[in-house]
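Colleague: I need the structure of the sequence given here:
(2 chains)
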There are 2 protein chains.
Amino acid sequence: MANITKKVSWSSRADESGAAGEATPLLNGSDKRQHSRELSGGGAVFQIGRLSNVDLEEEITSDEGSHRDRPKEIPHNEKLLSLKYESLDYDNIENQLFLEEERRMSYLPIAAGSGIPQIKCYLNGVKVPRVVRLKTLVVKVCGVICSVVGGLAVGKEGPMIHSGAVVAAGVSQGRSTSLKKDFKIFEYFRRDTEKRDFVSAGAAAGVSAAFGAPVGGVLFSLEEGASFWNQMLTWRIFFASMISTFTLNFFLSIYHNNPGDLSNPGLINFGRFENDSVAYYLYEIPLFIAMGAIGGLLGALFNILNYWLTIFRIRYVHRPCLQVMEAMLVAAVTATVSFTMIYFSNDCQPLGPEHTEEYPLQLFCADGEYNSMATAFFNTPERSVRSLFHNQPGSYNPLTLGLFTLTYFFLACWTYGLTVSAGVFIPSLLIGAAWGRLCGIMLSAISATGSIWADPGKYALIGAAAQLGGIVRMTLSLTVIMVEATGNVTYGLPIMLVLMTAKIVGDYFVEGLYDIHIKLQSIPFLHWEAPATSHWLTAREVMSSPVTCLNKVEKVGTIVDILSNTSTNHNGFPVVVVQGDSGEEPAKLCGLILRSQLIVLLKHKVFVELARSRLTQRKLLLKDFRDAYPRFPPIQSIHVSQDERECMMDLSEFMNPTPYTVPQETSLPRVFKLVRALGLRHLVVVDDENRVVGLVTRKDLARYHLGKHGLEELQLAQT
Amino acid sequence: MANITKKVSWSSRADESGAAGEATPLLNGSDKRQHSRELSGGGAVFQIGRLSNVDLEEEITSDEGSHRDRPKEIPHNEKLLSLKYESLDYDNIENQLFLEEERRMSYLPIAAGSGIPQIKCYLNGVKVPRVVRLKTLVVKVCGVICSVVGGLAVGKEGPMIHSGAVVAAGVSQGRSTSLKKDFKIFEYFRRDTEKRDFVSAGAAAGVSAAFGAPVGGVLFSLEEGASFWNQMLTWRIFFASMISTFTLNFFLSIYHNNPGDLSNPGLINFGRFENDSVAYYLYEIPLFIAMGAIGGLLGALFNILNYWLTIFRIRYVHRPCLQVMEAMLVAAVTATVSFTMIYFSNDCQPLGPEHTEEYPLQLFCADGEYNSMATAFFNTPERSVRSLFHNQPGSYNPLTLGLFTLTYFFLACWTYGLTVSAGVFIPSLLIGAAWGRLCGIMLSAISATGSIWADPGKYALIGAAAQLGGIVRMTLSLTVIMVEATGNVTYGLPIMLVLMTAKIVGDYFVEGLYDIHIKLQSIPFLHWEAPATSHWLTAREVMSSPVTCLNKVEKVGTIVDILSNTSTNHNGFPVVVVQGDSGEEPAKLCGLILRSQLIVLLKHKVFVELARSRLTQRKLLLKDFRDAYPRFPPIQSIHVSQDERECMMDLSEFMNPTPYTVPQETSLPRVFKLVRALGLRHLVVVDDENRVVGLVTRKDLARYHLGKHGLEELQLAQT
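Modeller: Predicted coordinates:
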């Protein structure tokens, strides 16, 4: 069997060894006009031709178009789409096995990389290698303890959210591949859909524990992850969040020597705003909006600087030793700058009876005084934020705050994206709190009535929200998180207003930080909607073709060859029936089978001939597929003898008999909507006779995005 | 042309005159085994046969099965599904007109009964007649003012939410059919999808204004309405909520003579819990859970009583004069009971310096004292709730609270579902607050340490949450609403816990109140997921067939006859092409056209012959379809002469060329998922040759539900 297409390589298998095949061709330039419907006569593999007539002259810039067919390595840039990332499959394979199990049970309880961008991608349906492994968790936890204790400009909330997701993914599977231990529980959850739900819940629980914000956690999961809003799922996520907060509160109450008092939730506590200082007035609204705009601008600046830095890192700092050196350099510079600032600072505040500092640092100040700059630099970032929110007016010099903002801004920007476990939430809040308090101080200096209405703590809070919103561009979830973390509802409205302004202003210049990192890693991330001007693109132009199809009853050798062929690294194969004996009639779609299913079938040698000879052979159960999830063995590890290659495999019982399909004239937005809403991994494109003409996967849809010059098409590359 | 099917009537047109055709047949018993593929030879209407082989012996109870084919009027019960309600169509018709407009504009700014159950249905995709009309709004507003002022056991929040939705729907359309005024703005929003988004936002804004809970409003819209979570949509809803709160706060601040102070949001304010009284401890958690369970039980009792009452009302109190009399009776009884209770109450409290009542009522008490019972009965319900939350310990006798709970429970239960504008939120909160406070008083009496930990106000809040949760069964949104309305985050965790317990306990007995009313009105409401045991049902069993199909180029007379025929009251018709001249070849699907589109085409006389003769005729634009939205003229109002009947109409430019389809073997859950996630109104079922075999609409899916004896099928009736 050699009649296998070598033209196109679509979704690549995640190469665990890291050696990406440099000979993998770069496929499917939309200017190819091939029209090949090659039907292998007596064989079994169909290559159904591509009827492409794309016409995107004005959209594709000429320099991009020129090297789209060259299969060489392309210097990394954000106009690429990586082939490294696989999709998750949230579609349910309703084959006969599944239906039988459903009937038997009848009431079955239906129940990452570096941080937030990875979890966001996972929930979007992208399989980021090793993102939810136990090893990742261990490294992460150790890493974050070291970075925070070491005084870097980092927060611990991103890693906490990620940890929550990892724990949830592990619990849901009831086993760990790293520990090689299978607890034989929760076997029914061994599906992508169930695991996604657990990861959502875990991320929510992480936010919940970090900020004491259970509702905020749920909204975070939804705003960043979900596409199909399901009430049952929300309910479960909410429950997980609640339990997480509850457990944490319980242990915190013991730690604080007040066992049983559950009123003060959250590991990162910004302190409660007292009722007498929280009022705000109509004339402050324009000030809040202005601060939101400043936050948007500073956030955009932060993101642009971090973008350049990340590009630099990808190009020049990709060896581990260089990465370690950079991390050490950052640590050294952070320490040096901090101490220099503290040394030259003369912002000494009296240690009066009403001071609110828990651990005032005297340093170079006189007795009975403490150093404000040290308060900002020497504490953990959360504690610094709390001081900026709650210390009484006059605790900080404007100069101190200005200098601190300036240095911390650049330090935080440099630190984010280092190869250390680090969050950007808390540093952003700290930067914002510093310049927000500065605004408050200046406002009370300007106004006649003074500090009564321009409480610097209030402005610190608004500034913190503005800065964080300008960087990460969340609105709903961030509002709730801020409200829950400060324990005060009154500021809900100003915080919302500020976050919206920051988002609008920031979005004008550049995307949010997480989206930038997702783009820079060339992850095929599906946004909420298809690009606005893509109604003229149809499935025919978008789909990948030719498609390798399988017969309903297929020769084992053919299947092994297809799976072994590195250029046909699809993960789903349409199953077709040939009409008429001659094989001349076109092949109609009758199902879809996944690579993983084929591998399990080969492993268990479910061959027609063997079934006949060994009648007592155990019937394959859905459990056998679950046990192999999620790391199915590679095809190379399965030995198939020469005799067995001549056997036949009957796929009809295992395939999904009713895959979702679209006609080839369907527009991109309609295809997009279907794939996004149902979380599909493979969408078969058929002609008006129900014959397979192509396959649409995540990468085909993620390729198109709206650039400055209209619709742009990204290149696909094996980065 | 008479070859039109009279067998099946699916989605009925909303009969504005109210005279439902009693001769309309009751269709499509799944035991029919007809296999007719009647192709009208030279004609143009196809009736594509039904290949049904359903086998649901154990699921269909015999008494139901016996009268399923009788087309007579069926006594109303909850096992019916009404044919009165039409679906909304959230699918986008991407015909040529649409595509041309999209190309021209390129960057179009893409932004569009009686109460909560109706809005819930509208957002689910059910067209409830007159639910978003201006007249409804006016009647509603007057009604709610009268009922609340009149002292009925009702709240004003349900009507406020509904009003928000009506205003939003009106604004989105830029015109009012009731006022016969078209402002010629927002024309692009004249689509079901856009209008739904506006209605979501309006409902959120209503909650936001009622409780001062902008985040709660967003969550309310999502929890009760949305299916496809879209970040952009959420963002817009959030914005609407925020503006709503802001505007209200501004006017309230003027009303309270403190212009500009925006810190106290919400029309219904339950007062702020002060920080010193809010602590709670671990040992209180079991108490909270127990109260949640009580709330669930009482809520279930409330719902069951109200269910019986509603059944009684549907059977015997359906004439307007009887309805008015019942409302008057309720008012009289409410007043009598209240005064009797107050008269016989001897719960006189001293009017000390620290009393918190704004308007204490002396009545029959001694000087310097006020009557507690009157505080509970004589205030507006919101003020009573606030008193129960915040009055100092000892303000109420336990006996007063017990009697009040008992009477108010039955009064509220009787009042809800009267033909007056009324909400159930506030009465539920009041009942719960009363027995919650009673619990608190009893707990402090039992415990040695007394009133320090068992603050009765805290228990009143928990009780209120439990009771409301037990009745309406919301969790996430209600938590946030309660937190925002009380201005305190600390109780978030206990409220959540209580709401969850109440929901779990209540769901064990009976559904939520809104769901009960939706069911009693036989509205085809689609839940989140298909029934758990329905994997064995396929599209073939579920779909309606035969389907009336149209040719791509169709005779005007045929179209008029089909539209006029009351038994073929479909709203969407598959468009097919016949292959071969003989008409013997089966007809392949090539598009889908809606009734409304056909009517607009007929109205504008878009006939092939006329186009040839009058070359200068204005081309039909998408605007012409929008102008007719949402109340397309009935077919009877369009005059088609005998000559015109012989003309032909070319549908290819106007139809949706790529409707979503499923093969007939697709299981019900897969069909359900597709329809629910994409908000489809019509889903075409095709065979493996892409020939039309049936059509799945909302009613086909809503028919199946999980009863006590497994999967049950509801009857369809013209109620």
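
Colleague: could I get the buried residue list for the helix or strand where A:S244 lies?
Modeller: Taking DSSP states H and E as the criterion, A:S244 maps to helix A:231-255. With burial defined by 16 or more other C-beta atoms under 10 Å in any protein chain shown, the residues of helix A:231-255 counted as buried are A:231, A:233-242, A:244-246, A:248-250, A:252-253. Placement of C-beta: from N, CA and C, glycine included.

Colleague: which of the residues you listed come close to chain B?
Modeller: A:231, A:234-235, A:238-239, A:242, A:245-246, A:249-250, A:253 (C-beta under 8 Å from any C-beta of the partner chain).

Colleague: from these, which is closest to B:P633?
Modeller: Distance to B:P633 across those (C-beta to C-beta) is lowest for A:Q231, with 38.3 Å.

Colleague: hmm, B:E529 and that closest one touching each other?
Modeller: No. Using C-beta atoms under 8 Å, A:Q231 is not in contact with B:E529; the gap is 9.2 Å.

Colleague: lowest-confidence entry in the ones next to chain B among the buried residues of helix A:231-255?
Modeller: When those are sorted by pLDDT, the bottom entry is A:Q231 at 71.

Colleague: measure that one to A:F238 for me?
Modeller: Remark: distance between A:Q231 and A:F238 (C-beta to C-beta, to the nearest Å) = 10 Å.

Colleague: what is the mean pLDDT for stretch A:514-521?
Modeller: Rounded mean pLDDT across stretch A:514-521 is 82.

Colleague: that one vs chain B: in contact?
Modeller: No. Stretch A:514-521 lies out of reach of chain B by C-beta under 8 Å from any C-beta, never closer than 11.8 Å.

Colleague: and for stretch A:634-654?
Modeller: No. Applying C-beta under 8 Å from any C-beta, one finds stretch A:634-654 separated from chain B by no less than 11.9 Å.

Colleague: list the buried residues in that stretch.
Modeller: Neighbour counts using 16+ other C-beta under 10 Å place A:635, A:640, A:644, A:647-651, A:654 of stretch A:634-654 among the buried residues.

Colleague: which pair in these spans the largest distance?
Modeller: Using C-beta to C-beta, the pair of the buried residues of stretch A:634-654 lying farthest apart is A:I635 and A:D650, separated by 19.6 Å.

Colleague: count the residues that sit near A:A203.
Modeller: Number of residues near A:A203 (other C-beta atoms under 10 Å in any protein chain shown) recorded here: 33.

Colleague: touching, it and A:F220? I think so.
Modeller: Yes. Applying C-beta under 8 Å as the test, A:A203 and A:F220 come out as touching, 6.9 Å apart.

Colleague: and for those two, which residues touch both?
Modeller: Common neighbours of A:A203 and A:F220 are listed as A:I161 (criterion: C-beta atoms under 8 Å, 6 or more residues apart in numbering or on different chains).

Colleague: before we move on, back to that, elements contacting the helix holding A:S244?
Modeller: Applying 3 or more C-beta pairs under 8 Å, 6 or more residues apart in numbering or on different chains; DSSP states H and E, one finds that helix A:231-255 contacts helix A:192-211, helix A:214-224, helix B:476-486, helix B:492-509.

Colleague: can I get the ones you listed in TSV with distance to B:L351 and mean pLDDT?
Modeller: TSV is the format used below for these (distance: least, C-beta to C-beta, whole Å; pLDDT from 0 to 100):
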stretch	distance to B:L351	mean pLDDT
helix A:192-211	45	80
helix A:214-224	40	83
helix B:476-486	26	84
helix B:492-509	32	90
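
Colleague: A:G394 is nearest to which of these?
Modeller: Using C-beta to C-beta, the helices and strands packed on helix A:231-255 put helix A:192-211 closest to A:G394, at 28.8 Å.

Colleague: separation between A:P117 and A:I523?
Modeller: Distance from A:P117 to A:I523, counting by C-beta to C-beta: 8 Å.

Colleague: who's more crowded, these two?
Modeller: The residue with more neighbours, out of A:P117 and A:I523, is A:P117; 26 against 22, by other C-beta under 10 Å.

Colleague: name the element that one belongs to?
Modeller: For A:P117, the host element (DSSP H and E) is helix A:116-124.

Colleague: restricting to C-alpha, output that helix in PDB.
Modeller: In PDB, the C-alpha atoms belonging to helix A:116-124 read as follows (Å, rounded to 0.1, in the frame of the first residue of the first chain):
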ATOM      1  CA  ILE A 116      -3.100  31.500  32.600                       C
ATOM      2  CA  PRO A 117      -2.500  31.700  28.800                       C
ATOM      3  CA  GLN A 118      -2.000  27.900  28.700                       C
ATOM      4  CA  ILE A 119      -5.200  27.200  30.700                       C
ATOM      5  CA  LYS A 120      -7.000  29.700  28.500                       C
ATOM      6  CA  CYS A 121      -5.800  27.700  25.400                       C
ATOM      7  CA  TYR A 122      -6.700  24.400  27.000                       C
ATOM      8  CA  LEU A 123     -10.300  25.500  27.700                       C
ATOM      9  CA  ASN A 124     -10.400  26.900  24.200                       C
END
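
Colleague: packing partners of the helix or strand following it?
Modeller: Where DSSP H and E defines the elements, the next helix or strand beyond helix A:116-124 is strand A:126-127. Counting contacts by 3+ C-beta pairs under 8 Å, 6+ apart, strand A:126-127 packs against strand A:86-87.

Colleague: can you do 10 Å?
Modeller: Judged by 3 or more C-beta pairs under 10 Å, 6 or more residues apart in numbering or on different chains; DSSP states H and E, strand A:126-127 is in contact with strand A:86-87, helix A:116-124, helix A:698-702.

Colleague: strands paired with that strand, and their directions?
Modeller: Partners of strand A:126-127 in the sheet, by DSSP bridges, are strand A:86-87 (antiparallel).

Colleague: got the phi and psi for the closest residue to A:R540 other than its chain neighbours?
Modeller: Taking C-beta to C-beta, 6 or more residues apart in numbering or on different chains, and ignoring the residues beside it in sequence, A:R540 has A:Q664 as its nearest neighbour in space, at 4.3 Å. The phi/psi pair for A:Q664 (degrees, to the nearest 10) reads phi -70, psi -10.
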